[in-house]
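Chemist: generate a structure from the sequence data that follows.
(one chain, ligands or ions: 3)
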Amino acid sequence: MGNVFVFDHPLIQHKLTYIRDVKTGTKEFRELVDEVAMLMAFEITRDLPLQDVEVNTPVTTANAKVLSGKKIGLVPILRAGLGMVDGVRKLIPAAKVGHVGLYRDPKTLKPVEYYVKLPSDIHERELIVIDPMLATGGSANDAIEALKKRGAKHIRLMCLVAAPEGVELIKKEHPDVDIYLAALDERLDEHGYIVPGLGDAGDRLFGTK
Ligand SMILES: O=P(O)(O)OC[C@H]1O[C@H](OP(=O)(O)OP(=O)(O)O)[C@H](O)[C@@H]1O
Ligand SMILES: O=c1cc[nH]c(=O)[nH]1
Ligand SMILES: [Mg+2]
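Modeler: Numbers count the residues shown, from 1 in each chain. Ligands and ions are numbered 1, 2, ... in the order given. All right, here's what the predicted structure looks like:
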């Protein structure tokens, strides 16, 4: 069964509070999401493999370590996932970036796919699907399916805020996928919004409401 990690780091929790705050405007919201994404990437990359190297310091030769070159791919779900990509790329600049475009139909709450563009070697990359919101889980579920259909083998899911319904769906449909969150909230409301949540992540990031 996929593991669920909720990051309780004080900096992540502090910044998430201001992300949730209805008084936080677009500029600050975007900056905070970027910062939290970077902090989450720090935690998510904890298990990246290292290899031994020797390095010449100004004093002597040291036995040291470098990343062993595991290939990483970031896959933001458009639009809102874009708000987290740059933060992650600050720590993993060599990662390639694919895009999956989905919007959730406001009546049916079902995701509608409108764009998929991925690196050609996704089958050999560790992929991190990125979306601030995991609500019903339909969008993340479809994005993960779109990746698997095209040969992806190793997938993780990174979200800011999740509802229990979304987590359960991903655990059931994709037990191989670990989920990384800044918060696991209480429930969904009648419109499929996460409660207490942070509202519509895409609209708050891009100022479209
Ligand atoms: O778990 P779900 O119930 O599928 O809901 C979550 C999805 O809804 C939001 O996207 P939205 O449809 O608002 O598109 P946007 O990012 O373009 O605003 C959010 O960014 C997720 O992709
Ligand atoms: O709470 C929610 C649910 C879906 N999408 C959002 O942006 N927010
Ligand atoms: Mg939206």
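Chemist: may I ask you to name the longest strand in the protein?
Modeler: In the chain, with assignment by DSSP state E, the single longest strand is strand 154-162.
Chemist: and that strand, what's buried?
Modeler: Within strand 154-162, the residues scored as buried using 16 or more other Cβ atoms under 10 Å are 154-162. C-beta: built from backbone N, CA, C; applies to glycine.
Chemist: please tabulate those in JSON lines, including the columns distance to residue 43 and pLDDT.
Modeler: Shown next, in JSON lines, are those (distance: Cβ to Cβ, whole Å; pLDDT from 0 to 100):
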{"residue": "154", "distance to residue 43": "18", "pLDDT": "96"}
{"residue": "155", "distance to residue 43": "17", "pLDDT": "98"}
{"residue": "156", "distance to residue 43": "12", "pLDDT": "97"}
{"residue": "157", "distance to residue 43": "14", "pLDDT": "98"}
{"residue": "158", "distance to residue 43": "10", "pLDDT": "98"}
{"residue": "159", "distance to residue 43": "13", "pLDDT": "98"}
{"residue": "160", "distance to residue 43": "13", "pLDDT": "98"}
{"residue": "161", "distance to residue 43": "16", "pLDDT": "98"}
{"residue": "162", "distance to residue 43": "16", "pLDDT": "98"}
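Chemist: determine which two of those residues are furthest apart.
Modeler: Across the buried residues of strand 154-162, the longest distance by Cβ to Cβ is 24.2 Å; it joins 154 and 161.
Chemist: return the residues of this protein in contact with ligand 2.
Modeler: When proximity is defined as Cβ under 6 Å from any ligand atom, the chain approaches ligand 2 at 80, 133, 135, 192-194, 197, 200-202.
Chemist: nearest to residue 110, of these?
Modeler: Residue 110 has its nearest neighbour among these in residue 192, at 10.1 Å by Cβ to Cβ.
Chemist: does the closest residue to that closest one other than its chain neighbours belong to a helix, a strand or coil?
Modeler: Using Cβ to Cβ, 6 or more residues apart in numbering and skipping residues adjacent in sequence, the residue nearest residue 192 is residue 109, 4.4 Å away. Of the three states, residue 109 takes coil according to DSSP: H, G, I helix; E, B strand; the rest coil.
Chemist: and residue 109, how many neighbours?
Modeler: Neighbour count for residue 109, taken as other Cβ atoms under 10 Å: 14.
Chemist: which ones are touching it?
Modeler: Contacts for residue 109 were tallied using Cβ atoms under 8 Å, 6 or more residues apart in numbering; they are 135-136, 138, 192.
Chemist: can you tell me which of those residues is nearest residue 30?
Modeler: Taking Cβ to Cβ as the measure, residue 30 lies nearest residue 135 of these, at 20.4 Å.
Chemist: surely that closest one meets residue 166?
Modeler: Yes: contact status for residue 135 versus residue 166: in contact at 5.5 Å, counting by Cβ atoms under 8 Å.
Chemist: dump the residue contacts of the residue of the chain found nearest ligand 3.
Modeler: The nearest approach of the chain to ligand 3 comes at residue 202, 3.1 Å away (Cβ to the ion). Counting by Cβ under 8 Å, 6+ apart, residue 202 touches 79-80, 208.
Chemist: out of those, which end up buried?
Modeler: Neighbour-count burial (16+ other Cβ under 10 Å) is assigned, among the contacts of residue 202, to 79-80.
Chemist: could you dump the contacts of residue 202 into CSV with secondary structure and pLDDT added?
Modeler: Below are the contacts of residue 202 laid out as CSV (DSSP: H, G, I helix; E, B strand; the rest coil; pLDDT from 0 to 100):
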residue, secondary structure, pLDDT
79, coil, 96
80, coil, 98
208, coil, 96
